[in-house]
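Novice: I'll drop the sequence and a predicted model, then ask my questions.
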Amino acid sequence: MSSLGETVRRKVALVVDDDPASLMLVSDALEAVGITVMTARDGATALRFVERLAPDVILLDAVMPGLDGFETCRRLKAPPLEIEAPVIFMTGLSASEHLLEGLSAGGVDYVTKPLQLDALIARIGVHLVNAGKLLAAQQALDATDTAVVSFHPDGRVAWTSARARQFLNQGATLVQNGRAEGEFAHWLAALARVPLSEAGDHRDGDIIVSYLGTSPTREVLLSLSRRDTRPPGPVLAERFNLTEREGDVLFWLTQGKTSADIGVILGLSWRTVNKHLEQVFQKMGVDNRTSAAVMADRALSLQ
């Protein structure tokens, strides 16, 4: 079997078209290469289908009575469905504004009628391969508990890792109804004009959003992390495996305090402070105050 055949075999396609002849034509062509086909004559029926079974690819007529293809796609990609399957629009429309509307609604491709079936199946194969690669990358991120989210250029969420979804569902105001909102949306849009090395972080409460770069498909990749709101002493103690008191001493060292100053602040003698510092230096693998302060300051800056 060809590589294309291996790619599409046993995949499930949802074909949505109000024209029975077109529906049959596409269904027969897909079934001939081993794709299992579900069909729907309107957008509302398609939405009900995907509540029960998530297809691997969706072929969607753009112009249908009632719920048109563009709105159907938006609902497929938005909560609560958030279907990850690639959506390919099929339509007699060829104007550029319709192409842009299809892509902005969440589609990945656009074919015009009358359909070239061989070309359509080839495109389906390409998008299934890309979707598989994306799924593998997402699973790797989930396995490492990494919080990464990807946005389309227009601010729509493309995909999120499991950890990122937890961040977004726990009160962050970054995203509403599947789209970047407020100050975050402005920051996201500005990234297109800023080199990666110059892009600053965006903060939303205790969540820090960092720019990772742009994918070949122009999706903006971001990492999410939670700023540590604990006092600096315990943070340093955890980071460098220190006791709580050693962490406090180290913090005040980063503030430029002498042993005598630290003793006054913490209610210790300067000799006791120096003994704590000896243990701090040993645990951090440094031999002087300056090196310890620089390492500690760097660790705190990453909160």
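Specialist: Noted; the coordinates are in hand. Numbers count the residues shown, from 1 in each chain.
Novice: following the biggest helix by length in the chain, which helix or strand shows up next?
Specialist: When the chain is parsed with DSSP state H, its longest helix is helix 117-143. Going down the chain from helix 117-143, the next helix or strand is strand 148-151, by DSSP states H and E.
Novice: Partner strands of that following strand, with direction?
Specialist: Using DSSP bridges, the strands paired with strand 148-151 are strand 157-160 (antiparallel), strand 220-226 (antiparallel).
Novice: Strands of the stretch 201-303 of the chain, start to end?
Specialist: 202-204, 207-214, 220-226 (DSSP state E, counting those that start in this stretch).
Novice: could I get these as CSV with mean neighbour count, mean pLDDT and distance to residue 190?
Specialist: Yep, even glycine has a C-beta here, placed from its N, CA and C like the rest. Converted to CSV, these look like this (neighbours: other CB atoms under 10 Å; pLDDT from 0 to 100; distance: least, CB to CB, whole Å):
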stretch, mean neighbour count, mean pLDDT, distance to residue 190
strand 202-204, 17, 86, 10
strand 207-214, 16, 84, 10
strand 220-226, 19, 85, 11
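Novice: out of those, which comes closest to residue 166?
Specialist: Nearest to residue 166 among the strands of the stretch 201-303 of the chain is strand 220-226; the distance by CB to CB comes to 9.2 Å.
Novice: got a list of contacts for that closest one?
Specialist: Residues outside strand 220-226 that contact it (CB atoms under 8 Å, 6 or more residues apart in numbering) are 146-153, 163-164, 167-168, 188, 191, 206-215.
Novice: Tell me the spacing between residue 166 and residue 224.
Specialist: Residue 166 sits 9 Å away from residue 224, taking CB to CB, to the nearest Å as the criterion.
Novice: so what sits against both of the two?
Specialist: With CB under 8 Å, 6+ apart, residue 166 and residue 224 have common neighbours residue 147.
Novice: quick one on the thing from earlier: which among the strands paired with strand 148-151 is found nearest to residue 184?
Specialist: strand 220-226 (9.7 Å).
Novice: Can you show me the CA trace of that closest one as PDB?
Specialist: C-alpha atoms of strand 220-226 as PDB (Å, rounded to 0.1, in the frame of the first residue of the first chain):
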ATOM      1  CA  VAL A 220       2.600  31.800  17.900                       C
ATOM      2  CA  LEU A 221       4.000  29.500  20.600                       C
ATOM      3  CA  LEU A 222       3.900  30.600  24.200                       C
ATOM      4  CA  SER A 223       4.900  29.000  27.500                       C
ATOM      5  CA  LEU A 224       3.000  29.500  30.700                       C
ATOM      6  CA  SER A 225       4.500  29.500  34.200                       C
ATOM      7  CA  ARG A 226       3.300  30.500  37.600                       C
END
